[in-house]
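>>> missing the sequence, but the structure's below:
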């Protein structure tokens, strides 16, 4: 592949074959990964040598034209509860996915999606740019980008590196995640107040976070 | 020598030799071991050991621990007591003598190596000396505990008490400690529960139950960490650590804070043990799922104030949506955040 190719974002499922493909793509020309180094590092440590950019960093670099011309995204690892994500029904349940791939497409990137393996076991990539561009609303465009990935997303086949990850993108998944974050913050506040005695113990904040961690809202 | 002892002894020796081959198979045991090995290798321990070797070490520990338990289930009490007396080595203090120095005591036996045979050995050691209580999950919730509970009760008779970690069991266990008895429990057990807390462990925040610290603080009991290792020969080695005592509460202390500190100290001790002998912990396969990253050096103890503030800000970003739904909570956080930034000598964040 030549570096003069149009700017491209590769959308890959979190499978062994797809992370292997990401590694091979990186050997051909510079490429960056959209997402968290820590999160992906758990599943594909050999990709840790590549540069990582958050979706926000990518979005900010688009108007200036400084975004890398080749990017890899793992949609299962992107997307939160904020406005930069939208719900898409997967396996009968609304799961939140980032819109960063659509933003890249609108900025002129070609979107190539992993579509399983073809003949001789080689990873197959399909160009969904035209299909996604033809959709007139954001959810439709995201759905089109996810379509080739669906078999890997919904069936917990052996190639998948974390079959439970889709559950974390549901409403319940985010709720559990928020409770975990609240617990983590309680611990950090206690560590901070213990090592820096001049900081006042924020009792009201701690009890609010405890309620959040217990799943009963932000007030005791 | 009984037939059971001969058969299990032979199987135990075979487990040592065949663990490497089993690690290449596709069995639930090897899958659990491989997941555990991957978790160990995600941490800065066992850097020089191959994944296969770590997997083999985990399989050997699980297999041998299971044979010890199987043997305990297959022989009568006199033979089991003879086996434990002859085949259990003690390194460090004798746990009965060590706990005798305190009005009451807690023995912390994590899911490490042959932890169920250890419970049987504790029943034997304390029999006729001091009443022992063991807390474990209700078999109605954890069906595999049914057979173990039946064995515990049949061997202990009236010399030991057994409690579940529900309201009734908690009150009963606390009364036992206040009467001067010993309570053995498993601090690393994990259920989704409202009372769960997150403590620093291998650079991550581990979800942990605060029960052990709760009992220690309420009863003023020291926590004795005890670790059983499957032996190279058929048997096990029991290592009792130094007691961990609750710190006297300070003026700015609250009960939750005291429990957090004591639970953290216990898990620091466990981290030290696991760093040296990681193969024996049963929960490595779920470790990454039940913990989250703590972006601070040295479990936070070596972190500078700006590093701690940065970590606080990272978590606040993760909770931004929830803060948006609870303006009072967001305001409380903003006040605390400003105080921390000032303490760390950081400028006011840009609006």
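Yep, it's here. All of these numbers come straight from a predicted model, not from anything done at the bench. Residues are numbered from 1 along each chain as shown, chains lettered A, B, ... in the order given.
>>> So what's the residue count around residue 185?
No chain was given, so I picked chain A. 25 (other C-beta atoms under 10 Å in any protein chain shown). Glycine gets a C-beta too; all of them are placed from N, C-alpha and C.
>>> Let me rephrase: I mean chain B.
Neighbour tally, residue B:185, other C-beta under 10 Å: 22.
>>> can you check residue A:149 too?
Around residue A:149 there are 24 other residues, counting by other C-beta under 10 Å.
>>> can I assume it is in contact with residue A:114?
Yes: using C-beta atoms under 8 Å, residue A:149 makes contact with residue A:114 at a distance of 6.4 Å.
>>> got any residues that touch both of the two?
A:11, A:12, A:13 (C-beta atoms under 8 Å, 6 or more residues apart in numbering or on different chains).
>>> and these as JSON lines, adding pLDDT and distance to residue B:179?
Listed next are the shared contacts of residue A:149 and residue A:114 as JSON lines, based on pLDDT from 0 to 100; distance: C-beta to C-beta, whole Å:
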{"residue": "A:11", "pLDDT": "96", "distance to residue B:179": "64"}
{"residue": "A:12", "pLDDT": "95", "distance to residue B:179": "61"}
{"residue": "A:13", "pLDDT": "92", "distance to residue B:179": "58"}
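>>> Pull out the buried residues from those.
Among those, those classed as buried by 16 or more other C-beta atoms under 10 Å in any protein chain shown are A:11, A:12, A:13.
>>> where's the second one relative to residue A:89, distance?
When you say that, I think you mean residue A:12. For residue A:12, the distance to residue A:89 equals 21 Å [C-beta to C-beta, to the nearest Å].
>>> Give me the three-state assignment for residue 116.
Looking at chain A here, since you left the chain open. Under DSSP: H, G, I helix; E, B strand; the rest coil, residue A:116 falls in the strand class.
>>> Please list all residues in contact with it.
Counted by C-beta under 8 Å, 6+ apart, residue A:116 has contacts A:123, A:124, A:148, A:151, A:152.
>>> And residue A:191, by the same measure?
B:200, B:300, B:308.
>>> Okay, it and residue B:205: tell me how far apart.
Taking C-beta to C-beta, one finds residue A:191 at 10 Å from residue B:205.
>>> same thing with residue A:211?
19 Å.
>>> Likewise for residue B:191?
From residue B:191 to residue B:205 the distance is 17 Å (C-beta to C-beta).
>>> Between the two, which is the more surrounded one?
More crowded of residue B:191 and residue B:205, by other C-beta under 10 Å: residue B:205, with 28 against 12.
>>> Where does that one sit: helix, strand or coil?
The three-state assignment at residue B:205 reads strand, by three-state DSSP.
>>> Now for it: which residues touch it?
So residue B:205 contacts A:183, A:184, A:187, B:198, B:199, B:291, B:292, B:293, B:294 (C-beta under 8 Å, 6+ apart).
>>> where does the closest residue to chain A within chain B land on pLDDT?
Proximity of chain B to chain A (C-beta to the nearest C-beta) peaks at residue B:326, 3.0 Å away. Residue B:326 carries a pLDDT value of 90.
>>> Likewise for the one 4 residues further on?
pLDDT, the model's per-residue confidence, is 94 for residue B:330.
>>> Same question for residue A:4.
At residue A:4, pLDDT is 55.
>>> again with residue B:347
pLDDT recorded at residue B:347 is 77.
>>> Likewise for the one 3 residues further on?
Residue-level confidence at residue B:350 comes out at 57, pLDDT.
>>> Likewise for residue A:93?
Predicted confidence (pLDDT) for residue A:93: 85.
>>> Around it, how many other residues sit close by?
16.
>>> what residues does the stretch 1-150 of chain B put near chain A?
Within the stretch 1-150 of chain B, the residues that sit near chain A (C-beta under 8 Å from any C-beta of the partner chain) are residue B:42.
>>> can you give me the strands in the stretch 101-250 of chain B?
For the stretch 101-250 of chain B, applying DSSP state E, counting those that start in this stretch gives strands covering B:105-108, B:132-135, B:160-163, B:182-185, B:197-201, B:204-208, B:223-230, B:236-240.
>>> Mind putting the ones you listed into JSON lines with mean pLDDT and distance to residue B:118?
Below are the strands of the stretch 101-250 of chain B laid out as JSON lines (pLDDT from 0 to 100; distance: least, C-beta to C-beta, whole Å):
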{"stretch": "strand B:105-108", "mean pLDDT": "98", "distance to residue B:118": "9"}
{"stretch": "strand B:132-135", "mean pLDDT": "97", "distance to residue B:118": "10"}
{"stretch": "strand B:160-163", "mean pLDDT": "96", "distance to residue B:118": "14"}
{"stretch": "strand B:182-185", "mean pLDDT": "97", "distance to residue B:118": "9"}
{"stretch": "strand B:197-201", "mean pLDDT": "95", "distance to residue B:118": "22"}
{"stretch": "strand B:204-208", "mean pLDDT": "93", "distance to residue B:118": "20"}
{"stretch": "strand B:223-230", "mean pLDDT": "98", "distance to residue B:118": "4"}
{"stretch": "strand B:236-240", "mean pLDDT": "97", "distance to residue B:118": "6"}
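>>> Which residue of chain A lies farthest from its centroid?
residue A:198 (39.0 Å; C-alpha atoms, centre = their mean).
>>> Find the nearest non-adjacent residue to the residue nearest to the spatial centre of chain A, please.
Centroid-nearest residue in chain A: residue A:78, 1.6 Å away (criterion: C-alpha atoms, centre = their mean). Of all residues not flanking residue A:78 in the chain, residue A:98 sits nearest, at 3.8 Å (C-beta to C-beta, 6 or more residues apart in numbering or on different chains).
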